[in-house]
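K.L.:
return atomic coordinates for the entry below.
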Amino acid sequence: MEDLALSVLQHDFTVPVRDPLWGHIYLTPGLFSLTESAPFIRLYRIYQLGPAYYTYPGATHTRASHSIGVYHLARRLLINLCEKGASWLSPTGVLSFLSAALLHDLGHFPYTHSLKELALEDHEKLSAKLILSEPLKKLIGKAGADPELTAAIVDKSNKNAHGEAELEFYRQLLSGVLDPDKLDYLNRDARYCGVPYGAQDVDFIYSRLHPSRERGIEIDSRGIPSVESVLFSKYLMYRTVYWHRQVRSATAMIKKALLAALEQQIISVEELYNLDDQGLFSLMSAKQKNFPDFSLAEKVREGRLYTEIASFFFDEQKHRALLPLKNRKEHELKLAEEINRATSGKINADSIIIDVPEPVSFETDLFVRDENCTFGESSSAFKKNAVEDFVRSLRKIRIFSEKSFEIPLNILQNL
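P.N.:
So this is what the prediction gives:
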């Protein structure tokens, strides 16, 4: 079985795609046909990092280029694991995993994570639905993969009827500490932003990986520095790129406008699915005449972002009431009233946005085989407390305003 799966991974990969990060990436004709489908073509019209180009002008790479990069690293990973004894892999299974890697972002929302906190269906479920619909379902079958298994690998809530012996293994490969998704986006985002923080030595990382039917992959202790590099790089990329104050401002402005529109039934949830970046702005622009809140989106598109007027660390106990997105409007109104009372000003609540970053995870559940323990218990300096400190130092509540002014300290302390 192992030789057959390895043979499938090494033959008929004859269609080249030139990638600025990884060089030539080869696909089979069947897998390449997936990239020509309408659902995949949409990904070329979604920037991977949304509004990050306002800060990093080179950050105009797309979800499509990222997806092709994830596929490339997924194939390299499977070849490595097959050569090291992953004898349980089947030809259909490996092609299904490659299809899942290529199509994992099909349902992703436009404009990076601007829509993430809205009451929408998970993008993994949307990806799975597209995979099981035409034309992709037929194309995936022609590529030698199983559409049901492909969808189940992407969407963990999906109950798959076929290939269950391999399903959990592939799910662990696609989502984990050293998964192809993370290794591509860290390297790719750093390259296009022109920052050094995300670069990873993929060749060395793969040399330290070992297959495990139960755990997906394991590392040996020589691979510990690679995991430390990934964790610290992810931290630095969040700090300098993904959660840069301008990125947070733009996404917060879009979320505020869309939440109000959904609450007032100006738009429906269904209208937000399958949009690209331009489609999202066109939807809001078309309805702006009857819904002035959409002027926020026009300001974002024109680069007129709100200014950060205050920031402070998120406290799980103190700021719990700010977590639900729908609660923040009430707090913004209260904040505006208190500022006006203290300064005799005329601040409008609509010109203030409270931004609370969503929880971010730093996976550390890899097993270190020669130390017989998990990564968090290993000889690494990145113990559980250190990783928790990463998260605490990143999560900052930010207050943005259309105009710059100073908020009295006593008001901030009561927020």
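K.L.:
pretty sure Ile219 sits against Val227.
P.N.:
Yes - if you go by CB atoms under 8 Å, Ile219 and Val227 touch, sitting 6.8 Å apart. For every residue, glycine as well, the C-beta is placed using N, CA and C.
K.L.:
who touches both of those two?
P.N.:
Leu178, Leu366, Phe375 (CB atoms under 8 Å, 6 or more residues apart in numbering).
K.L.:
okay, the last one and Gln200: tell me how far apart.
P.N.:
Separation of Phe375 from Gln200 (CB to CB, to the nearest Å) stands at 16 Å.
K.L.:
of the two, who's got more company?
P.N.:
More crowded of Phe375 and Gln200, by other CB atoms under 10 Å: Phe375, with 25 against 18.
K.L.:
what sits against the more buried one?
P.N.:
Contacts for Phe375 (CB under 8 Å, 6+ apart) come out as Val177, Ile219, Ile224, Val227, Thr364, Asp365, Leu366, Phe367, Val368, Phe382.
K.L.:
following the one helix or strand Ser295 maps to in sequence, what is the next regular element?
P.N.:
Assessed by DSSP states H and E, Ser295 sits inside helix 295-301. For helix 295-301, the succeeding helix or strand toward the C-terminus, using DSSP H and E, is strand 307-313.
K.L.:
please enumerate the helices of the stretch 251-400 of the chain.
P.N.:
Assigned by DSSP state H, counting those that start in this stretch, the helices in the stretch 251-400 of the chain fall at 277-287, 295-301, 328-343, 384-394.
K.L.:
again with the stretch 1-150 of the chain
P.N.:
Using DSSP H, counting those that start in this stretch, the helices of the stretch 1-150 of the chain run over 2-10, 29-35, 38-41, 63-83, 91-103, 123-131, 136-142, 147-154.
K.L.:
and the pLDDT at Asp389?
P.N.:
The model reports Asp389 with a pLDDT of 88.
K.L.:
Phe382 versus that one, what's the distance?
P.N.:
In terms of CB to CB, Asp389 sits 10 Å off from Phe382.
K.L.:
those two: who's more crowded?
P.N.:
Neighbour totals were compared for Asp389 and Phe382, and Phe382 leads with 18 against 12 (other CB under 10 Å).
K.L.:
give me the low-pLDDT residue ranges for the stretch 1-150 of the chain?
P.N.:
Along the stretch 1-150 of the chain, segments meeting pLDDT under 70 span 1-2.
K.L.:
tell me the contacts of the nearest residue to Ser65 once chain neighbours are set aside?
P.N.:
Closest residue to Ser65 apart from its sequence neighbours, by CB to CB, 6 or more residues apart in numbering: Asp19 at 6.7 Å. Asp19 sits next to Ile25, Ser65, Ile68, Gly69, His72 when contact means CB under 8 Å, 6+ apart.
K.L.:
which residues touch the first one?
P.N.:
The reference is to Ile25. Residues in contact with Ile25 (CB under 8 Å, 6+ apart) are Pro16, Val17, Arg18, Asp19, Ile68, Gly69, Tyr71, His72.
K.L.:
I'd guessed the fifth one sits against Val15; true?
P.N.:
No - taking contacts as CB under 8 Å, Ile68 lies outside contact range of Val15: 11.4 Å.
K.L.:
so for the two, which sits in the more crowded spot?
P.N.:
Ile68 (23 against 15).
K.L.:
and the more buried one, how far from Tyr235?
P.N.:
Relative to Tyr235, and taking CB to CB, Ile68 is found at 26 Å.
K.L.:
equivalent analysis for Arg301, please.
P.N.:
Noted for Arg301: a distance of 30 Å to Tyr235, by CB to CB.
K.L.:
returning to what we had before: what are the buried residues along the helix holding Ser295?
P.N.:
Neighbour counts over helix 295-301 (16 or more other CB atoms under 10 Å) mark Leu296, Ala297, Lys299, Val300, Arg301 as buried.
K.L.:
before we move on, what about stretch 26-38?
P.N.:
By 16+ other CB under 10 Å, the buried positions in stretch 26-38 come out as Leu27, Thr28, Gly30, Leu31, Phe32, Ser33, Leu34, Thr35, Ser37.
K.L.:
now the fifth one. Nearest residue, chain neighbours left out?
P.N.:
Just to be clear, that refers to Phe32. Distances taken as CB to CB, 6+ apart put Val15 closest to Phe32, at 4.2 Å, once the chain neighbours are dropped.
K.L.:
hmm, that neighbour is touching Thr28, no?
P.N.:
Yes - the criterion here is CB under 8 Å, and Val15 meets it with Thr28 at 6.9 Å.
K.L.:
give the rounded mean pLDDT of stretch 358-371.
P.N.:
Rounded mean pLDDT across stretch 358-371 is 91.
K.L.:
can you give me the buried ones in that stretch?
P.N.:
Within stretch 358-371, the residues scored as buried using 16+ other CB under 10 Å are Phe362, Glu363, Thr364, Leu366, Phe367, Val368, Glu371.
K.L.:
ok, stretch 402-415 next?
P.N.:
Buried residues in stretch 402-415, counted by 16+ other CB under 10 Å: Glu402, Ile407, Ile411, Leu412, Leu415.
K.L.:
cheers, nothing more for now.
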